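Asks: after the sequence you'll find the predicted model.
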2 protein chains.
Amino acid sequence: MANVGSDKPNIRQVATIAGVSHMTVSRVLNDHPNIKPDTRRRVLEAIEELDYRPNLVARALATQRTRRIGVIVESAVAHGPTSILRAVELSARAAGYSVTPIALHEGDALSPQEAVDNLMTQGVDALCVIAPRSSSVAALRRVAISVPMLVVKADADPTFLTVSIDQHAGTTLVVDHLVALGHRDILHMSGPLDWLDARARERAFHSRAKSWGIRERPIVVGDWSADFAYDFAKGLTRLPDYTAIFAANDDMAIGLIHGLHDNGFDVPTDLSVVGFDDIPLARHFVPPLTTVRQDFGSLGASVVEMLRAAIEGRDIPTLTRIPTELVARASSAAPREVR
Amino acid sequence: MANVGSDKPNIRQVATIAGVSHMTVSRVLNDHPNIKPDTRRRVLEAIEELDYRPNLVARALATQRTRRIGVIVESAVAHGPTSILRAVELSARAAGYSVTPIALHEGDALSPQEAVDNLMTQGVDALCVIAPRSSSVAALRRVAISVPMLVVKADADPTFLTVSIDQHAGTTLVVDHLVALGHRDILHMSGPLDWLDARARERAFHSRAKSWGIRERPIVVGDWSADFAYDFAKGLTRLPDYTAIFAANDDMAIGLIHGLHDNGFDVPTDLSVVGFDDIPLARHFVPPLTTVRQDFGSLGASVVEMLRAAIEGRDIPTLTRIPTELVARASSAAPREVR
DNA sequence: CGCCTTCGTGTTCTCGGTAACATTCACGGA
DNA sequence: TCCGTGAATGTTACCGAGAACACGAAGGCG
């Protein structure tokens, strides 16, 4: 290596040094068969000598493939989406792809269509949408997209490839856990029902609650934020009839615990609280939070694997489901009456 | 719009429809002067008719500019780096740039050099490194990099452009706050000192503590994690001499509060605890956490502005400092003796 | 021994833009 | 009238790769 030639070497300079045509160099780079070992060696030496790297932009233009995946993230602050983005980036890199994220911010004027547009113009080979709202999915359904498109969300979707956290199973774990502790009256604080994940958790909650024959009670629709949950809990004027609250994410669960505490109620003595996500801090709340853990790493791997298969035209399942796991901690306990 | 022509239209098809040469279309696209209004109109109509978008890959090859910024993030789980990445992406998009992130994971084999290599091969126009360790910075200093390079970290650096959170000012605010409450013996739990931000907070802490003439006491070096802080607090066998702990980030502060609680100590009655970051959940801990808020939004804007200026060869300051703000909450209060 | 493969490699074209230079035309001053 | 000038536009080359096709040499087969 170590040449001082000012600018970046290109494939033809390598070819000249190796005494071959640039196509031979290209073939060596792309592992074509039918290259004489000796020729290959000379090419590799020339590459080494010049410290040559193929220009990926030129390659992308020639092949019509950028090896880049566009990722659209709604609410990029939350733990879940952030972790998923990171996992996707990691898996993509391992597969020789890179990632271009676009975050749809709350107050941002950017619509899902515009985000798709932006990424398509950049020439991404595939699109991945993380944890969208149903309105976004509906909008995307109406956009004709010429590349594989995968959505990370609760339910299978005939229009797109789907990787889904198994919200249903996770929620079932929560309900079963609370029922096993003796709870028979549980409040669900959902996320905004426009969010598919919120909707899935809410449906699964009702379904499982019903199959246990426990009391039907209206849910409280939150906004994912601890602030909302805090205000709700703080506003309670007396100990409610229900003995447990299942919050659709850890943030709200934490807000609840805080609000209940400020209201003079104790968790879990007066009320059990369960969250969803298992954010790293969940075990350090007072009391530590019972919650549901999701394997973002394998989620990211699935996303990339499915998209690669789709890009390369291989056969693929159109749905992958990622398992969840209940993490029982001190914020949930048997209700008073059972003790 | 709305043509059904199968494949993506290119600039020459637009030219044909508009009855001009492709160069004229290119000039319209790039807002060149000296285009007859009527010609411009016809070109724009043709663009509309074909729903044409310029191919950014081809443009990048021709201009040798990708309008892409590579971002290297160490520890992409933490709140700070994540928020910064998001802010940079937002500002970049507003400036017509896109972002390619690479996360350096803990167990990951990828070295900073390899990350730079990876991004350079992709042809990014500039590099941004978020909150690196000093070892990484040292490594990067040894790499010859042919594009502008900016580091988001505590101190100015002659080698790179720098945007820094004003760690010194933030830390000073914390110490002053605690001293004003009456504390005269404060423990600092730092992050790993290989992290520049940890080092900066530690230095600032010592410096300010000294100028108040309060007791010099060895710091505890943590690892940013709540787990570490929890174990430390849980391991205390009796109420220590110091009356307050300043943790270098909110996660550790939370671990401390949890551990102290499990140890039978009350925050802030027995000990005050202050963090750094103001993560969204900070105000929902029990007790709510006193901490330091940083303006990631303007940080992202500064990063992009400086890099753009550098890319375009404009004059720029090589250092921008982002202010911080103390958020006083219930986890800090006057020490027992003062009451 | 001649023909047809297959191997190994080179030539030329293409991808979709921009840059550099050429050309045409109208207009104004000498 | 002629020429210079600048506006408006066209022509050609180029960015750095890969694709398609061409071509010569070696080897197998009838």
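Replies: Noted; the coordinates are in hand.
Asks: the nearest residue to residue A:214 once chain neighbours are set aside: neighbour count?
Replies: In this structure, residue A:214 finds its nearest non-sequential neighbour in residue A:184, 5.0 Å apart by CB to CB, 6 or more residues apart in numbering or on different chains. In this view, the C-beta of every residue, glycine as well, is placed from N, C-alpha and C. Neighbour count for residue A:184, taken as other CB atoms under 10 Å in any protein chain shown: 17.
Asks: next up, the contacts around residue A:184.
Replies: With contacts defined as CB atoms under 8 Å, 6 or more residues apart in numbering or on different chains, residue A:184 is in contact with A:214, A:215, A:243, A:335.
Asks: can you give me the distance of residue A:83 to DNA strand D?
Replies: Going from residue A:83 to DNA strand D by CB to the nearest atom of the strand, to the nearest Å gives 34 Å.
Asks: let me know the secondary structure of that residue.
Replies: helix (DSSP: H, G, I helix; E, B strand; the rest coil).
Asks: tell me which stretches of chain A form helices.
Replies: A:11-18, A:22-29, A:37-50, A:56-63, A:79-94, A:112-121, A:134-142, A:167-181, A:196-211, A:226-234, A:250-262, A:296-311 (DSSP state H).
Asks: what is the fifth one packed up against?
Replies: Pointing back at helix A:79-94 there. With contacts defined as 3 or more CB pairs under 8 Å, 6 or more residues apart in numbering or on different chains; DSSP states H and E, helix A:79-94 has these neighbours: strand A:68-74, strand A:98-104, strand A:126-130, helix A:296-311, strand B:98-104.
Asks: give me the mean pLDDT for it.
Replies: Averaged over helix A:79-94, pLDDT sits at 94.
Asks: same question, the first one
Replies: Per-residue pLDDT over helix A:11-18 has a mean of 96.
Asks: and that helix, is it in reach of DNA strand D?
Replies: Yes: part of helix A:11-18 sits near DNA strand D under the criterion CB under 7 Å from any atom of the strand, namely A:11, A:12.
Asks: surely residue A:123 and residue B:59 touch.
Replies: No: using CB atoms under 8 Å, residue A:123 is not in contact with residue B:59; the gap is 10.4 Å.
Asks: coming back round to it: is it possible to export the helices and strands packed on helix A:79-94 to TSV including mean neighbour count, distance to DNA strand D and mean pLDDT?
Replies: Shown next, in TSV, are the helices and strands packed on helix A:79-94 (neighbours: other CB atoms under 10 Å in any protein chain shown; distance: least, CB to the nearest atom of the strand, whole Å; pLDDT from 0 to 100):
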stretch	mean neighbour count	distance to DNA strand D	mean pLDDT
strand A:68-74	25	16	95
strand A:98-104	24	17	96
strand A:126-130	26	18	96
helix A:296-311	21	14	95
strand B:98-104	24	18	96
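Asks: counting neighbours, go ahead and name the busier of residue A:123 and residue B:59.
Replies: Legend: neighbour count by other CB under 10 Å for residue A:123 and residue B:59, higher for residue A:123 (23 against 18).
Asks: now that one: how far from DNA strand C?
Replies: 9 Å.
Asks: so who does that residue touch?
Replies: So residue A:123 contacts A:60, A:66, A:68, B:55, B:56, B:57 (CB under 8 Å, 6+ apart).
Asks: nearest residue to the residue in the stretch 101-250 of chain A positioned nearest to chain B other than its sequence neighbours?
Replies: Of all residues in the stretch 101-250 of chain A, residue A:226 sits closest to chain B, at 4.5 Å by CB to the nearest CB. The shortest distance from residue A:226 to any non-neighbouring residue, by CB to CB, 6+ apart, is to residue A:255 (3.3 Å).
Asks: try residue A:171
Replies: residue A:204 (3.7 Å).
Asks: count of neighbours near the one you found?
Replies: As a burial measure, residue A:204 scores 22 neighbours (other CB under 10 Å).
Asks: ok, it - contacts?
Replies: Residues near residue A:204 by CB under 8 Å, 6+ apart: A:167, A:168, A:170, A:171, A:172.
Asks: again, only using 7 Å
Replies: Applying CB atoms under 7 Å, 6 or more residues apart in numbering or on different chains, one finds that residue A:204 lies in contact with A:167, A:168, A:171, A:172.
Asks: would TSV of these with neighbour count, pLDDT and distance to DNA strand D be doable?
Replies: Output for these, formatted as TSV (neighbours: other CB atoms under 10 Å in any protein chain shown; pLDDT from 0 to 100; distance: CB to the nearest atom of the strand, whole Å):
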residue	neighbour count	pLDDT	distance to DNA strand D
A:167	28	92	41
A:168	20	94	43
A:171	27	97	47
A:172	18	97	48
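Asks: could you export the residues you listed as CSV, including distance to DNA strand C?
Replies: Putting those into CSV (distance: CB to the nearest atom of the strand, whole Å) gives the following:
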residue, distance to DNA strand C
A:167, 41
A:168, 44
A:171, 47
A:172, 50
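Asks: make CSV from these and add distance to residue B:156 to it.
Replies: Output for the contacts of residue A:204, formatted as CSV (distance: CB to CB, whole Å):
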residue, distance to residue B:156
A:167, 48
A:168, 53
A:171, 51
A:172, 55
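Asks: now the residue nearest to the spatial centre of chain A: how far from chain B?
Replies: In chain A, the centroid-proximal residue (CA atoms, centre = their mean) is residue A:84; its distance is 3.2 Å. Note on residue A:84: its distance to chain B, by CB to the nearest CB, to the nearest Å, is 12 Å.
Asks: pLDDT score assigned to the residue nearest to residue A:226?
Replies: Confidence score, pLDDT, at residue A:255: 97.
Asks: list the contacts of it.
Replies: Counting by CB under 7 Å, 6+ apart, residue A:255 touches A:225, A:226, A:227, A:228, A:229, A:230, B:284.
Asks: I'd like to know how many residues surround residue A:185.
Replies: When neighbours are defined as other CB under 10 Å, residue A:185 has 16 of them.
Asks: so it makes contact with residue A:245?
Replies: No: contact between residue A:185 and residue A:245 fails when scored by CB atoms under 7 Å: they sit 10.5 Å apart.
Asks: thinking again about what came up before, out of the helices of chain A, which one sits most buried?
Replies: Mean neighbour count, computed with mean count of other CB atoms under 10 Å in any protein chain shown, is highest for helix A:250-262 among the helices of chain A, reaching a mean of 26.
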